[in-house]
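Visitor: I'll drop the sequence and a predicted model, then ask my questions.
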Amino acid sequence: MFEKVNPSHPDKIADRIAGAIVDLGYEKNDNPKIAVEVLIGHGVCHIIIETSENYTKKEIEKIVHRIAGDVSVDLRVVKQDIHLANNQNDKLRCGDNGIFKGVPLRKEEKLLSKYARDIYDKYPYDGKYILDGKRFIICQSNVQKEDLLTLYPDAYINPLGYWTGGTNVDSGATNRKLGSDMGQSITGGGLHGKDLSKADVAINIYAFKKAQEENKIIELSCAIGDEVIDGKAYSEIVAEAKEYIEKIGGFEKLAEWGLI
């Protein structure tokens, strides 16, 4: 059983805004420190940024309007906590405490991810999809049920009928759809809105990739300040995560579909 949401779901819009803000941080500095939280809905986007970088409201509004349309922006930018900042002063160390799990993808997760992308390519609007054995549930906004039945005649489609979706129907918040992004690999750490030094980004990516490569569950823990995780220098884990992020096109691209 697996649930997947598309990039126009309100929670993913929040993730994408957070990701774009992190991308901008990397344009400003090769090694920025950033943690972003976004709550969006009903015409307002609330954003808190804890960071080493300087952001202007105009820069943030440009990102929000590009991704979410004409909504007002309530912005708070603060400096990163001094103790957290000092942890990274002279060497790249683990940026937080945490537990992490990488799990090999099942056929069901791969299949639903493909279905979700195929539907979104044709109907790029808010949508959510579930595959539970042979039961395929489609909740796709801005499309008639009959049109989707021509593509998936055995699916259970839009149980309450036609709907419009988006942030004027539902609110969105960062890291609320981690199950969609990571499948069974989800633990407690949020994947989106953080720089690469954060364990929630670097170790989540590392554990997920290692699980796929070795076809087994990978479980790891870390303490803030750790320099070695899983027998590997934390700087190497960060470098691998950076390579992955750059390959897919940045943090905003990561936020669109997650790791699956």
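Guide: Happy to help now that I have it.

Visitor: distance of the nearest residue to Pro124 once chain neighbours are set aside relative to Gly225?
Guide: Once flanking residues are discounted, Pro124 sits nearest to Ser8: 6.3 Å by Cβ to Cβ, 6 or more residues apart in numbering. (Each C-beta comes from the backbone N, C-alpha and C, glycine too.) Between Ser8 and Gly225 the computed distance is 39 Å (Cβ to Cβ, to the nearest Å).

Visitor: give me the more crowded residue out of the two.
Guide: Ser8 (22 against 14; other Cβ atoms under 10 Å).

Visitor: Arg135 reaches Tyr156, doesn't it?
Guide: Yes. Applying Cβ atoms under 8 Å as the test, Arg135 and Tyr156 come out as touching, 6.6 Å apart.

Visitor: separation between Lys194 and Leu24?
Guide: Distance of Lys194 to Leu24, computed by Cβ to Cβ: 14 Å.

Visitor: neighbour count: those two, which is higher?
Guide: Between Lys194 and Leu24, counting by other Cβ under 10 Å, Lys194 is the more crowded of the two (27 against 20).

Visitor: which strands or helices does the lengthiest helix in the chain pack on?
Guide: Counting by DSSP state H, the longest helix found in the chain is helix 10-28. Helices and strands touching helix 10-28, by 3 or more Cβ pairs under 8 Å, 6 or more residues apart in numbering; DSSP states H and E, are strand 34-41, strand 44-51, helix 57-68, strand 172-173, helix 251-257.

Visitor: quick one, what contacts Asn87?
Guide: 93, 95, 224-225 (Cβ atoms under 8 Å, 6 or more residues apart in numbering).

Visitor: got the contact list for Ile218?
Guide: The neighbourhood of Ile218, defined by Cβ under 8 Å, 6+ apart, consists of 100-103, 207, 210-211, 230.

Visitor: just the ones in strands from these, please.
Guide: Among those, the ones falling in strands (DSSP state E) are 100-102.

Visitor: dump those residues to JSON lines, plus pLDDT.
Guide: Converted to JSON lines, these look like this (pLDDT from 0 to 100):
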{"residue": "Phe100", "pLDDT": "96"}
{"residue": "Lys101", "pLDDT": "97"}
{"residue": "Gly102", "pLDDT": "97"}
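
Visitor: so which of these wins on neighbours?
Guide: Gly102 (27 neighbours).

Visitor: run through the bridge partners of that residue.
Guide: For Gly102, the beta-bridge partners are Ile218 (DSSP bridges).

Visitor: ok, it touching Ile203?
Guide: No. The criterion here is Cβ under 8 Å, and Gly102 misses it with Ile203 at 9.2 Å.

Visitor: thinking again about what came up before, mean confidence score for the longest helix of the chain?
Guide: Over the span of helix 10-28, the pLDDT mean works out to 98.

Visitor: quick one: what helix or strand has Val77 in it?
Guide: Applying DSSP states H and E as the criterion places Val77 in strand 72-79.

Visitor: buried sites along that strand?
Guide: Neighbour counts over strand 72-79 (16 or more other Cβ atoms under 10 Å) mark 73, 75, 77 as buried.
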